[in-house]
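Undergrad: sequence and computational prediction follow.
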Amino acid sequence: MKKIVTLLSAALVLLASAPAFAQASIGAGYLSSVNVNKSGKTSEALNGFYAGVGFTVPVTAGINFTPGVYYGYITKSNASSIGTIASATGRLQEHYVNIPLHFSYGIELSDGFSLFAYAGPSASLGLASTYTLSGNVAGIGGSSKTDNYKDGSNYNRFDVMLGAGVGLEFNDMIRFQVGYDWGMLNRYNSNNINVHRNQLTAGVAFLF
């Protein structure tokens with residue numbers, strides 16, 4: 001809980017302290033996340049969306065500082081059955097808040113049309129992670145929900161990610177971008193499990 005309060009407080013400070021000359025943006029898009037264990041094997045992707053606000057602060061000669069605050073939601077479902085006798089469905093849902101602290105560099109390709117690349121770290125905090133299992137045996141159904149962040153859990157909320165991406169910007173009004181983030185911290189408090197979360201984003205932002 002302390003990490004949640006700390007990171008959300010940092011997000012509010014970031015929003016409140018954005019320079020008056022910073023260009024603000026509101027963005028949203030597709031989010032896909034996979035867990036990668038130490039042996040290099042990946043889990044099935046969780047898919048969802050992200051949405052939030054960002055700022056572009058000019059630094060020098062085409063270089064900008066581009067922090068932001070974004071909410072992310074990802075989910076996946078699995079189903080199995082034994083003929084018509086029994087069936088089961090499991091659904092994992094996760095909610096995150098991400099604070100990217102990126103730097104970007106752009107070049108103008110033509111009047112009002114720019115290409116840019118960005119890179120930098122992000123702080124990521126899991127707000128909630130639940131697994132819901134629903135089953136039906138001979139017409140009798142039931143369900144249970146597990147909180148993956150409950151007390152005593154080895155599943156870590158906090159992560160630091162390093163990301164990079166590219167995008168296009170039109171007339172200082174709209175921006176399209178694609179990026180990838182690599183999780184730097186182990187998501188489990190265990191010597192036997194070493195799992196990192198990576199994510200792909202693709203979206204659009206409207207500039208003000």
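TA: Received the coordinates, thanks. Residues are numbered from 1 along each chain as shown.
Undergrad: contacts, neighbours, all on C-alpha from now
TA: Will do.
Undergrad: what is the host helix or strand of residue 199 packed up against?
TA: Under the criterion of DSSP states H and E, residue 199 resides in strand 195-207. If you count contacts as 3 or more CA pairs under 8 Å, 6 or more residues apart in numbering; DSSP states H and E, strand 195-207 packs onto strand 23-37, strand 174-183.
Undergrad: just give the nearest non-adjacent residue to the spatially most central residue of the chain, would you?
TA: Note on the chain: the residue nearest the mean C-alpha position is residue 72, at 4.9 Å, using CA atoms, centre = their mean. Among residues not flanking residue 72 along the chain, residue 50 sits closest, at 4.2 Å (CA to CA, 6 or more residues apart in numbering).
Undergrad: is it correct that that neighbour is in contact with residue 69?
TA: No. Checked against CA atoms under 8 Å, the pair residue 50 and residue 69 is beyond contact range at 10.3 Å.
Undergrad: is residue 44 in a helix, a strand, or coil?
TA: State at residue 44, reduced to three classes by DSSP: H, G, I helix; E, B strand; the rest coil: coil.
Undergrad: next one: phi and psi at it?
TA: The phi and psi values for residue 44, taken as degrees, to the nearest 10, are phi -60, psi 140.
Undergrad: how much space is there between it and residue 76?
TA: Relative to residue 76, residue 44 is positioned 8 Å away (CA to CA, to the nearest Å).
Undergrad: do the same with residue 95
TA: 13 Å.
Undergrad: now the strands for the protein?
TA: Counting by DSSP state E, the chain has strands at residues 23-37, 46-60, 63-82, 86-110, 113-137, 140-147, 158-170, 174-183, 195-207.
Undergrad: tally of neighbours for residue 25?
TA: Neighbours of residue 25 under the rule other CA atoms under 10 Å: 19.
Undergrad: so it makes contact with residue 66?
TA: No. Between residue 25 and residue 66 there is no contact under CA under 8 Å: 10.1 Å.
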